[in-house]
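1. Below: sequence and its predicted model.
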Amino acid sequence: MSIFINALKNILHRMLQLLWFGKKTITNSLNIYIKTSGGSTLCVDLDPSWDIKNLKEYVAPKLGLEPEQVKIIFAGKELGDRITIAECDLGEQSILHAVKVKTRSKLSKLSETVVEENEEQGSEPLCNTLKDVMFSNQDNIRNDILENNLNEYRKPKVHFFVYCPTCKALKSGKIRVRCNFCKSGAFTVHSDPQNWNDVLESKQITGLCENSPEFCADILNNREPTFAEFYFKCSEHTSLGEKDGAVPLYLIRPNLREIPCLACTDIRDPVFVFPCAEGHVTCLDCFRQYCSTKLMERQFWQHPEYGYTLACPAGCPDSFLKEVHHFRLLSETQYAQYQRFGTEEFVLRSGGVLCPQPGCGMGIIPDSYCTKITCINGCGYVFCRHCLQGYHIGECQNSDNEDSTNPESCSYNVDPEKAAEARWDEASKRAIKVLTKPCPKCRTPTERDGGCMHMICTRAGCEYHWCWVCQTQWTRECMGSHWFG
């Protein structure tokens, strides 16, 4: 009889849950996916005002469990029953993980009471527990000191900025957590990250993989703990699943301290913080202008570790930008030019050459002994490695010896120099030879659009002084003989 009564109570309880849930769906809803430990996925519409306890009451019957047997995991945290959906900073079609609570060992009544109280209070979402100390440039700074000094700047949540490959633009982002080994999102961290190093570097924060802890432990052979892997997502488009990711632009930060820009002195938000010891701040408009100017002057540096990048404009040491996606703040045209210049610089630094044919510029890295270069994957042009002119036998010449027309062969007198300039098919070739020559030191193609014959290579790290006529180092003889032609 008692079994029948309990079964009837459960049926009535579940009917009330469904009726209550259906009533809630009439109001504002958020479409969410819930992944279970069994591998199935539920698609539900949730009201942002609901709490996690309401969610457990809805999910538990679908899993064949009681609400107290289910725990909800999101972004590395087991969410407490009192946490509302709105506090979790969820986006449309975000993913929550519902896993079964492991069977507890026999505990005293006092211990059980403490556990139940902790579960009811639960953990806050990661977006609420992260603190503004993450924005400090000093990874080893004492958090308690920084918190006291920055208490007046405190805001409730930390905001991130990312480059979204889907939106192809700078967007606000969200931080997410998964198992470093099996990539499961059903993962809870043992502690929150305290700085950017904890997030960007691997194996900094340990945790528990709720999806398959035994599997991860067996594969790792207990040689090391299970680590968390942090990644970012764009918050301005519908989630594309757990594989949806974005590049964290960690040098772009909210101006919590209202620091003026080092260039225009305006107080803007957000700002760009250079990775120098002083943490110089500039607004995003001035950062774009700084990058554009250096790009036009070809003053980026080819760093052996970080690639084609820039340093702090104040000249601070050890201030190169490590994440080149920050240059995505440039326009599409400028960023394409940045990529081309970076590729050319890498080829030249590697001992290669660039095809001198107009409209090609293919990078070629030949053997060190090779002087006859063929642009195989480009235009097919065959040229001399040293003078970058068409391939020839013998020593390189600065100019071609052209035949002169004999003035006595025709009553129509022709000036040989002007005749050489008036050939239709040779006009473009001559213009290239006159206007473009390689730097004698780094071989960067250089265009002369007027002025004297004293050339200074504009490539960063070269700045070689050379003579346009002699194509050698600039000397006093060049100055006296053909400074102005």
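-> Nice, thanks for sending it over. Residues are numbered from 1 along each chain as shown.
2. Quick check: Lys437 vs Cys457, distance?
-> From Lys437 across to Cys457, the span is 11 Å (Cβ to Cβ, to the nearest Å). Just so you know, the C-beta spots here come from the backbone N, C-alpha and C atoms, and that holds for glycine as well.
3. Can you give me the domain boundaries for this structure?
-> The domain map for the chain lists 17-103+114-127, 156-250, 271-349, 354-392, 442-485, with the assignment taken from automatic domain parsing.
4. Tabulate those domains in CSV, adding columns for mean pLDDT and distance to Ile259.
-> Formatted as CSV, those follow (pLDDT from 0 to 100; distance: least, Cβ to Cβ, whole Å):
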stretch, mean pLDDT, distance to Ile259
domain 17-103+114-127, 74, 24
domain 156-250, 81, 16
domain 271-349, 91, 5
domain 354-392, 83, 41
domain 442-485, 81, 29
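5. who wins for proximity to Cys264 among those domains?
-> Nearest of those to Cys264, taken as Cβ to Cβ: domain 271-349 at 5.6 Å.
6. end-to-end on the closest one?
-> Terminal residues of domain 271-349 are spaced 33 Å apart (Cα to Cα, to the nearest Å).
7. hmm, back to that, joint contacts of Lys437 and Cys457?
-> Shared contacts of Lys437 and Cys457 (Cβ atoms under 8 Å, 6 or more residues apart in numbering): Thr446.
8. what are the ranges of the helices in the stretch 251-400 of the chain?
-> Under the criterion DSSP state H, counting those that start in this stretch, helices of the stretch 251-400 of the chain are mapped to 284-296, 332-349.
9. How are the strands of the stretch 201-350 of the chain distributed by residue range?
-> Using DSSP state E, counting those that start in this stretch, the strands of the stretch 201-350 of the chain run over 207-209, 228-234, 247-248, 252-253, 271-273, 281-283, 301-303, 307-309.
10. Adding distance to Glu68, write the helices of the stretch 251-400 of the chain out as JSON lines.
-> Shown next, in JSON lines, are the helices of the stretch 251-400 of the chain (distance: least, Cβ to Cβ, whole Å):
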{"stretch": "helix 284-296", "distance to Glu68": "49"}
{"stretch": "helix 332-349", "distance to Glu68": "53"}
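11. Mean neighbour count added to those, as JSON lines?
-> Listed next are the helices of the stretch 251-400 of the chain as JSON lines, based on neighbours: other Cβ atoms under 10 Å:
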{"stretch": "helix 284-296", "mean neighbour count": "17"}
{"stretch": "helix 332-349", "mean neighbour count": "15"}
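12. Kindly state which of those helices is positioned closest to Ile267.
-> By Cβ to Cβ (comparing all of those), the closest turns out to be helix 284-296, at 12.4 Å.
13. what does that closest one rub up against?
-> 252, 261-264, 268, 270-272, 282, 300, 310, 313, 327, 329-330, 334, 337-338, 341.
14. which of those residues are buried?
-> Buried by 16 or more other Cβ atoms under 10 Å: 252, 261-263, 268, 270-272, 282, 300, 310, 313, 327, 329-330, 334, 337-338, 341, out of the contacts of helix 284-296.
15. Can you tell me, leaving aside adjacent residues, what's nearest to Gln389?
-> Setting aside the residues directly before and after it, Gln389 is nearest to Phe383 in space (Cβ to Cβ, 6 or more residues apart in numbering), at 6.2 Å.
16. and that neighbour, what does it touch?
-> Counting by Cβ under 8 Å, 6+ apart, Phe383 touches 355-357, 373, 375, 389-391.
17. Tell me the one of the residues you listed nearest Cys467?
-> Checking these against Cys467 by Cβ to Cβ gives Gln389 as the nearest, at 17.8 Å.
18. What's the separation between the closest one and Cys379?
-> According to Cβ to Cβ, Gln389 stands 15 Å off from Cys379.
19. Check for me that Lys441 belongs to a helix.
-> No - per DSSP: H, G, I helix; E, B strand; the rest coil, Lys441 lies outside any helix segment and is coil.
20. pLDDT at it, what is it?
-> For Lys441, the model assigns a pLDDT of 83.
21. burial count for it?
-> Other residues near Lys441 come to 14 when the count uses other Cβ atoms under 10 Å.
22. circling back: when Gln389 and Cys379 are compared, which one has more neighbours?
-> A side-by-side neighbour count of Gln389 and Cys379, using other Cβ under 10 Å, places Gln389 first with 19 against 13.
23. Dihedrals phi and psi, the more buried one?
-> Dihedral angles of Gln389 (phi, psi; degrees, to the nearest 10) stand at phi -100, psi 180.
24. That one and Cys396 touch, don't they?
-> Yes - assessed by Cβ atoms under 8 Å, Gln389 is found in contact with Cys396 at 7.3 Å.
25. Return the list of strands paired to the longest strand along the chain, each annotated with direction.
-> Longest strand in the chain by number of residues (criterion: DSSP state E): strand 169-179. Strand pairing for strand 169-179, using DSSP bridges, gives strand 160-164 (antiparallel), strand 228-234 (antiparallel).
26. Next, the buried residues of the first one.
-> Neighbour-count burial for strand 160-164 flags 160-164 (criterion: 16+ other Cβ under 10 Å).
27. contacting residues around that strand?
-> Residues from elsewhere that reach strand 160-164 (Cβ under 8 Å, 6+ apart): 169-175, 232-234, 236-237, 246-250, 252-253, 270, 325, 328.
28. which ones are touching Ser239?
-> Residues in contact with Ser239 (Cβ under 8 Å, 6+ apart) are 91-95, 233.
29. cool, Thr41 as well?
-> 33-35.
30. Would you report the backbone torsion angles of the nearest residue to Cys384 once chain neighbours are set aside?
-> The shortest distance from Cys384 to any non-neighbouring residue, by Cβ to Cβ, 6+ apart, is to Tyr391 (5.3 Å). When quoted as degrees, to the nearest 10, the phi and psi of Tyr391 stand at phi -60, psi 140.
31. ok, Tyr391 - how many residues close by?
-> Applying other Cβ under 10 Å, I find that Tyr391 has 14 neighbouring residues.
32. what does the one 4 residues further on give?
-> Neighbours of Glu395 under the rule other Cβ under 10 Å: 7.
33. what do you get for Leu354?
-> For Leu354, the neighbour count with other Cβ under 10 Å is 21.
34. same question, Leu96
-> With other Cβ under 10 Å as criterion, Leu96 counts 24.
35. Just to be sure, it is in a strand?
-> Yes - remark: Leu96 belongs to a strand, assigned using three-state DSSP.
36. quick one on the thing from earlier: and the residue nearest to Cys384, what does it touch?
-> Contact analysis of Tyr391 by Cβ under 8 Å, 6+ apart lists 372-373, 382-384.
37. how close does the nearest residue to Trp468 once chain neighbours are set aside sit to Cys442?
-> Excluding the flanking residues, the one nearest Trp468 by Cβ to Cβ, 6+ apart is Met453, at 4.2 Å. As for Met453, its distance to Cys442 is 19 Å (criterion: Cβ to Cβ).
38. cool, and Glu463?
-> Distance from Glu463 to Cys442, counting by Cβ to Cβ: 10 Å.
39. Same question for Thr41.
-> To Cys442, Thr41 is 57 Å away according to Cβ to Cβ.
40. Okay then, goodbye and thanks.
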